[in-house]
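> generate a structure from the sequence data that follows.
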Amino acid sequence: MDAESFIASIHPLLKASGFKKSNATWRKDQGESVAVFNVQKSPWGGGAYCLNMGVYFHALGSEASPTESKCHVQRRLDVDSPASVVEAATEWFHARASLQGAALLAEADSKKGLVFHAVRTAASA
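I've put the predicted structure just below:
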């Protein structure tokens, strides 16, 4: 499946989960945070793409519509079927909806993605 087909397939699934789309990025306000899901198309074309996820915490910044690269916790997700991707992404976002929840998962997350220092220290705050 190429990037455009994947985007078309995943959009109704993310929309049903409360995400709003802007280009190839979906965002969902989670109260303390914003969940960000992005389909990054290859700059070399050919339909290749990768899936980026992130959680942006309002307590740590003032972005209204953050991009995945501005998120305080970031992870790249393996490409799979649209339904499997949305299920994995929504579970990941839910577990990290609060800063405290993300802080508790920071050690494991740092092995698979990027976790800002402010998130790591929130558990002890």
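
> so where's this structure shaky on pLDDT?
123-125 (pLDDT under 70).

> now with 90, please.
Residues of the chain meeting the criterion pLDDT under 90: 1-2, 41-48, 77-80, 100-101, 103-125.

> how about residues contacting stretch 69-83?
6, 9-10, 13, 36, 49-57, 60-61, 63, 68, 85, 88-89, 92, 96, 102, 106, 109, 112-116, 118-119 (Cβ atoms under 8 Å, 6 or more residues apart in numbering). Heads up, the C-betas are built off the backbone N, CA and C, glycines and all.

> end-to-end on it?
End-to-end distance of stretch 69-83 (Cα to Cα, to the nearest Å): 24 Å.

> can you turn the buried part of the contacts of stretch 69-83 into a ChimeraX selection?
To isolate in ChimeraX the members of the contacts of stretch 69-83 that are buried, counting by 16 or more other Cβ atoms under 10 Å, one can use:
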select :6,10,13,36,49,51,52,53,54,55,56,57,60,68,85,89,92,96,102,106,109,113,115,116,119
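
> inside strands: which ones of the contacts of stretch 69-83?
Applying DSSP state E to the contacts of stretch 69-83, the entries found in strands are 36, 49-57, 113-115.

> in the residues you listed, find the pair that's most separated.
Spanning the widest gap among those are 49 and 57, at 26.6 Å by Cβ to Cβ.

> measure the residue nearest the centre of the chain to residue 67 for me?
Against the mean C-alpha coordinate of the chain, by Cα atoms, centre = their mean, the closest residue is residue 53 at 2.3 Å. Distance from residue 53 to residue 67, counting by Cβ to Cβ, to the nearest Å: 12 Å.

> can you check residue 91 too?
Taken as Cβ to Cβ, the span from residue 91 to residue 67 is 22 Å.

> which one's more surrounded, these two?
Using other Cβ atoms under 10 Å, the more surrounded residue of residue 91 and residue 67 is residue 67, with 15 against 10.

> can you give me the helices in the chain?
Secondary structure of the chain (DSSP state H): helices at 3-16, 82-95, 99-104, 106-110, 117-122.
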